[in-house]
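Engineer: Just to be clear, the model below is a prediction. Sequence and coordinates:
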Amino acid sequence: EHANGSATNADLWRAVDKTAGKPVSSVASDFIDQPGVPLISVAATPAGARLTQSRFGTDAASSKPLTWRTPVALRGLDGLVTEQLISRDEPRTVAGPVVANAGQVGYYRVAYDEASLAPLADALPRLPSADQYGLLKDSYALGMAGAAPIGNFLRLSVALPVDADPLVWRDQARTLAAIDDYYSPGAGRTAYRAWALKVLAPALHQIGFDPKSKESDNDAVLREDLLLTLSQMGDPTVTAEARKRFDASRESLGRLSAAERRWVLASVARSADAKTFQTLHDLARAARDPLEKQALYSDLTTVEDPLLAGQVLALAITDEAPSGQAAGLVRRVAAVHPDLAWRFTLANLPALNRVLDTLNRSTFVPRIASASSDPKVAGELEAYAAKNIPADAQGEVRVALSKIRAGAEIRAKRVPQIEAWIAGAAKAD
């Protein structure tokens, strides 16, 4: 029928529809022929779970209403999975509670109101790993975008069972670390870290500091990311353990195993005082292996003390910085001290430009700025770009401005909501 390459796109979709016994082509066209991501909202009503479709977006352009005929897999708490076709014009009400996007293979976000989320949080230990992961990811993304209560994510975080899949816990550790990055030093960060450390403590107790016989590769991956997150948040047990291992191996870092080296050195560097920082700095300068030298200088960039971080930044404009790593030192310091790195960059542009290649000169400054959540930095970046970057080369500037403004909104709106939820949970306990 379609010999000699005569098949068309329409022929393909007719064949797919025929084989599937369903109107796959009409559903597929909604996803292929228009931009954006569908948002399925689940609301608890007296009649059951009400499912509606809108569009997920974080700004006006990406929030323009569109319609997708969205096949939604629904898992009841009895484990039974059914399917409904939801569109903007055809909402559905089903028996609840349900997990929408069961198995997490659908291309859409799912937002739950608090009433529909509550029974899912209670049932989280009994849900498949994919659904645990999907509920956490959607509740975080939508909560930070203001499309659902951020309390949904925090409630699910508390409910995640200690025996959840290591990759679910790994992603959870990374997400809690990402939230921590939005905080400035102060009482709010102290309260958040105390709550997050309590959430992560069972996972640390389960996984331990050292590899176990016949453990899975996923356990090893979880251990490193979990310990890095705990060290970022100043967990006293992790900090003390890292310091003990470092003191036992500082004369020869080769004594540290591959499994412990990264988290031990990162933890020691992050919490370093002036004396410890100098010890690490001396080790970096003395290292002969280029990869070891690069790793040690990278560890120095994580130091929390801003005065010591300033010393790391100063290295970027000296001959001491490892070859080709000067810009990287500034970028990595910016991840911990964004405004400090930004001020340093503006004050030392001529010296920094001497260590940057031509291609990186138009992207370096906006990338440093993008780590900030301060609206003032956005204005300063715009002023810098207007004078120094051609209009047709400002793509990185636009990306940076979007990140800065999104971060500023999170700090202004979501962080207070997180703090209020944590305070309320503490009172309830």
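Structural biologist: Alright, I've got the coordinates.

Engineer: Now do the strands in the stretch 101-250 of the chain.
Structural biologist: 109-112 (DSSP state E, counting those that start in this stretch).

Engineer: That one: helices as residue ranges?
Structural biologist: 114-123, 129-145, 150-159, 166-180, 187-207, 217-232, 236-249 (DSSP state H, counting those that start in this stretch).

Engineer: Show me what the fifth one is packed against.
Structural biologist: The helices and strands touching helix 187-207, judged by 3 or more C-beta pairs under 8 Å, 6 or more residues apart in numbering; DSSP states H and E, are helix 166-180, helix 217-232, helix 415-428. Using the backbone N, CA and C atoms, a C-beta is placed for each residue, glycine as well.

Engineer: let's see it at 10 Å
Structural biologist: With contacts defined as 3 or more C-beta pairs under 10 Å, 6 or more residues apart in numbering; DSSP states H and E, helix 187-207 has these neighbours: helix 150-159, helix 166-180, helix 217-232, helix 236-249, helix 415-428.

Engineer: Of those, give the one that comes closest to Val94.
Structural biologist: Among the helices and strands packed on helix 187-207, the nearest to Val94 by C-beta to C-beta is helix 150-159 (19.7 Å).

Engineer: who touches Arg367 in this structure?
Structural biologist: By C-beta atoms under 10 Å, 6 or more residues apart in numbering, the contact set of Arg367 is 327, 330-331, 334, 345, 360, 396-397, 399-400, 403.

Engineer: In the residues you listed, which has the lowest confidence score?
Structural biologist: Across the contacts of Arg367, the bottom pLDDT score, 77, is held by Asn360.

Engineer: Looks like that residue contacts Pro366 (just checking).
Structural biologist: No - judged on C-beta atoms under 10 Å, Asn360 makes no contact with Pro366 at a distance of 11.0 Å.

Engineer: More neighbours: these two, which one.
Structural biologist: Each of Asn360 and Pro366 has its neighbours counted (other C-beta atoms under 10 Å); Pro366 has more, 22 against 14.

Engineer: ok now the helix or strand Ile368 falls within, how far from the chain's centre?
Structural biologist: Secondary structure from DSSP states H and E places Ile368 in helix 358-369. Relative to the mean C-alpha coordinate of its chain, helix 358-369 is positioned 23 Å out (C-alpha atoms, centre = their mean, to the nearest Å).

Engineer: Next, the buried residues of it.
Structural biologist: 361-369 (16 or more other C-beta atoms under 10 Å).

Engineer: Which is the succeeding secondary structure element to that helix?
Structural biologist: Taking DSSP H and E as the definition, the helix or strand right after helix 358-369 is helix 375-388.

Engineer: where's that next one relative to the chain centroid, distance-wise?
Structural biologist: With C-alpha atoms, centre = their mean, you get 26 Å for helix 375-388.

Engineer: one step back: Provide a PyMOL selection command restricted to the buried entries of the contacts of Arg367.
Structural biologist: Buried residues within the contacts of Arg367, by 16+ other C-beta under 10 Å, are selected in PyMOL with:
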select buried, resi 327+330+331+334+345+396+397+400+403
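
Engineer: Now, the contacts of Arg367 that are in helices?
Structural biologist: 327, 330-331, 334, 345, 360, 396-397, 399-400, 403 (DSSP state H).

Engineer: got the helices and strands packed on helix 187-207 as TSV, with mean pLDDT and mean neighbour count columns?
Structural biologist: Below are the helices and strands packed on helix 187-207 laid out as TSV (pLDDT from 0 to 100; neighbours: other C-beta atoms under 10 Å):
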stretch	mean pLDDT	mean neighbour count
helix 150-159	96	21
helix 166-180	97	20
helix 217-232	95	20
helix 236-249	95	16
helix 415-428	93	14
